[in-house]
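# Next come a sequence and a model predicted from it.
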Amino acid sequence: MSHVLILGGDGYLGWPTAMYFSAKGYEVTVVDNYFRRNICTELDVGMLYPIPTLPERARIWHEKTGHEIKIIIADLAEPEVMRSLFDGRAIYQWAITPKFTGTPDTVVHYAEQPSAPYSMLSYKTANITIHNNLIVTNNLMFAIRDLAPETQIIKLGTMGEYGTPDIDIEEGWLEIAHKGRKDSFLFPRQASSLYHTTKIMDTDLLWFGVRMWNLRVTDLMQGPVYGVETEESLVDERLRTIFNYDELFGTIINRFITQAIVGYPLTVYGKGGQIRGYLDIKDALQCIFYSSLKPAKAGELRIFNQIMETFSVMQLAELTCKVGQNLGYNVDIKHLDNPRKEAEEHYYNPTYQGLLELGVRPHYLTEETMLQMFKIVEQYRINIRKDIIFRGVRW
Ligand code: USQ
């Protein structure tokens, strides 16, 4: 049985990924330090519904399915914690069989601070983001080099690494012809937040590890994800993933639906012409899974653009209005002075073929998909706090 280690397994994608692999019969170990939930409490940003602790989730998952997800609560920025996952010293907070079964075949690395606005709140949160994201990646890279050189790393990057250049965006690499000679280089990167900048630096770190030590790395340039339910969470509502709708941790589609339900005018930043690539949470899981089935070769940094379709902010606002109004909600759109520094009208033409070629079958954002999301979010309507929807973190 293949063994998957999920770093950052308490997050929006981490926990659903753990269940996804576990349901398919993989041995799954999850590690997390509760960074995201602790920050949510510290900054009082709320969540749509409370989330059981990781051991509680693992217990529910085991009761309902008979599968085991091993849980380790620890800080991966500590190098010895990272190394303990590969040499058998790890301490399990929950497991049916709390013992080391050998190095994992695949490590999925989500253990990063994922919010652009959080990274721009202050020099302190910028430091936390830079420190956590780069040190965890570096710790992982050295642990793999020293203790598990055959293990593949699947790392979550972001489409935000590329920014919004005035040329087509390729999947990670660009062939450059210069003075009669040609070579391939990482596609030029120009992030628009410090969080996104740490992702560029992660890519550079891993590219270094690949060149020096023949690591096997897949770096997934992901766009904003939307959705709540995955097939695995259908077995018990308590297994639903963490859902934020606040400005720091909520992504735009999840936010717009929540806003529509409580009659808060949709917060379109600026003109709303910002185009991004989006994907359903179910597809994010497929992307990880199909990448794992066909690992990068030793000495290869393989990059895929993990998006399924593109929308402008205004297109998303209009779709939310339409679906909300059909359900009887009075949905308004409000153009806010953009708190972010980003282009509001720009060229955007990314390539995203690689993951489809591996076998991913997209779920697109239709009125029906959005309606399903409305139905879930409505169940928790009473928990929605208007005061945390917009705080205006500027940069
Ligand atoms: N936006 C609004 N109104 C809002 C929230 C966002 O107009 O209330 C706009 C933003 O200005 C931006 C776009 O919607 O142009 C997307 O914003 P977002 O907050 O949904 O996503 P972002 O901050 O870019 O970050 C999210 C994830 C991050 C991931 C990234 C992929 O939080 O972890 O890396 O999406 S990407 O955007 O492709 O870089």
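Noted; the coordinates are in hand.
# where's residue 28, which helix or strand?
Using DSSP states H and E, residue 28 sits within strand 27-32.
# those helices in the chain, which residues are they?
With DSSP state H as the criterion, the chain has helices at 14-23, 35-42, 54-65, 79-87, 116-119, 123-147, 194-213, 252-261, 281-293, 313-326, 354-358, 367-378.
# that older thread, what angle sits between the strand holding residue 28 and helix 14-23?
Orientation of strand 27-32 against helix 14-23 (axes from the mean of the first three to the mean of the last three Cα atoms, to 10 degrees) gives an angle of 170 degrees.
# Which strands or helices does strand 27-32 pack on?
Under the contact criterion of 3 or more Cβ pairs under 8 Å, 6 or more residues apart in numbering; DSSP states H and E, strand 27-32 touches strand 3-7, helix 14-23, helix 54-65, strand 69-73, helix 79-87. For glycine as for every other residue, the C-beta is placed from the backbone atoms N, C-alpha and C.
# Go ahead and name everything in contact with the first one.
Residues lying outside strand 3-7 but in contact with it, judged by Cβ atoms under 8 Å, 6 or more residues apart in numbering, are 14, 17-18, 21, 26-32, 76, 85, 101-111, 136, 140, 292.
# Which members of the residues you listed are classed as buried?
Buried members of those, scored by 16 or more other Cβ atoms under 10 Å, are 14, 17-18, 21, 26-32, 76, 85, 103-111, 136, 140, 292.
# Need the pLDDT of residue 1.
As predicted, residue 1 sits at a pLDDT of 68.
# whoops, I mixed them up, residue 284
Predicted confidence (pLDDT) for residue 284: 98.
# Would you mind confirming that it makes contact with residue 222?
Yes - counting by Cβ atoms under 8 Å, residue 222 is a contact partner of residue 284 at 6.8 Å.
# Next, show the common contact partners of the two.
By the contact definition Cβ under 8 Å, 6+ apart, residue 284 and residue 222 are jointly contacted by residue 306.
# near the ligand, which residues of the stretch 51-200 of the chain show up?
Within the stretch 51-200 of the chain, the positions near the ligand by Cβ under 6 Å from any ligand atom are 114-116, 158-160, 196.
# quick check, nearest of the residues you listed to residue 149?
For those, the closest approach to residue 149 (Cβ to Cβ) belongs to residue 158, at 26.7 Å.
# Just the buried residues of stretch 375-388, please?
Those buried within stretch 375-388 under the rule 16+ other Cβ under 10 Å are 376-377, 380, 384, 388.
# How about residues contacting that stretch?
44-46, 48-49, 228-229, 240, 243, 245-247, 254, 257-258, 261-262, 264.
# among those, which are in reach of the ligand?
Okay, of the contacts of stretch 375-388, nothing touches the ligand (Cβ under 6 Å from any ligand atom).
# The residues you listed, buried ones only, as a PyMOL selection?
Selection of buried members from those for PyMOL, criterion 16+ other Cβ under 10 Å:
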select buried, resi 45+46+48+49+228+229+240+243+245+246+247+254+257+258+261+264
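# Just give the number of residues close to residue 221.
By other Cβ atoms under 10 Å, 26 other residues sit near residue 221.
# Next one, pLDDT for it please.
Looking at residue 221, the pLDDT reads 98.
# Across the sheet, point out what pairs with it.
Assessed by DSSP bridges, residue 221 has beta-bridge partners residue 157, residue 305.
# List the contacts of it.
Applying Cβ under 8 Å, 6+ apart to residue 221 gives the contacts 157-159, 161-162, 171-172, 303-307.
# just residue 19 next, same as before
Contact analysis of residue 19 by Cβ under 8 Å, 6+ apart lists 61, 69, 230, 232-233, 239.
# hang on, the earlier thing: which of the contacts of residue 221 are buried? Put it as a PyMOL command.
Applied in PyMOL, the following selects the buried portion of the contacts of residue 221 according to 16+ other Cβ under 10 Å:
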select buried, resi 157+158+159+161+162+171+172+303+304+305+306+307
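# so how far is the ligand from residue 294?
According to Cβ to the nearest ligand atom, to the nearest Å, residue 294 and the ligand sit 24 Å apart.
# meant to ask about residue 144, not that
Counting by Cβ to the nearest ligand atom, the gap from residue 144 to the ligand is 23 Å.
# Just give me the neighbour total for that residue.
25.
# Can you verify my assumption that it contacts residue 107?
Yes - in this structure, residue 144 is within contact of residue 107 by Cβ under 8 Å, at 7.2 Å.
# Identify the contacts common to the two.
Common contacts of residue 144 and residue 107, defined by Cβ under 8 Å, 6+ apart, comprise 151, 153.
# Centre of this structure to the edge, which residue is at the far end?
The C-alpha centroid of the chain is most remote from residue 180, which lies 40.3 Å away (Cα atoms, centre = their mean).
# where does the stretch 251-395 of the chain dip in pLDDT?
In the predicted model, the stretch 251-395 of the chain carries no residue with pLDDT under 70.
# List, one by one, the residues from it near the ligand.
251-252, 255, 267-269, 274, 276, 313, 340, 342.
# before we move on, the earlier item: which residues sit against the strand holding residue 28?
Here strand 27-32 makes contact (Cβ under 8 Å, 6+ apart) with 1-11, 14-15, 18, 21-22, 54, 58, 68-74, 76, 81, 85, 90, 101, 104, 111.
# hmm, 7 Å instead?
1-10, 14, 18, 21-22, 54, 69-74, 76, 85, 101 (Cβ atoms under 7 Å, 6 or more residues apart in numbering).
# and if you look at stretch 64-72?
Residues outside stretch 64-72 that contact it (Cβ under 7 Å, 6+ apart): 18, 22-23, 28-31, 54-55, 58, 61-62, 90-96, 235-236.
# What's the end-to-end length of it?
Criterion Cα to Cα, to the nearest Å; first-to-last residue distance in stretch 64-72 is 21 Å.
# neighbours of the closest residue to residue 296 other than its chain neighbours, just the number please.
In space, and not counting its chain neighbours, residue 296 is closest to residue 302: 4.1 Å by Cβ to Cβ, 6 or more residues apart in numbering. Neighbour count for residue 302, taken as other Cβ under 10 Å: 21.
# distance of residue 302 from residue 277?
The gap separating residue 302 from residue 277 is 18 Å, by Cβ to Cβ, to the nearest Å.
# That'll do, ta.
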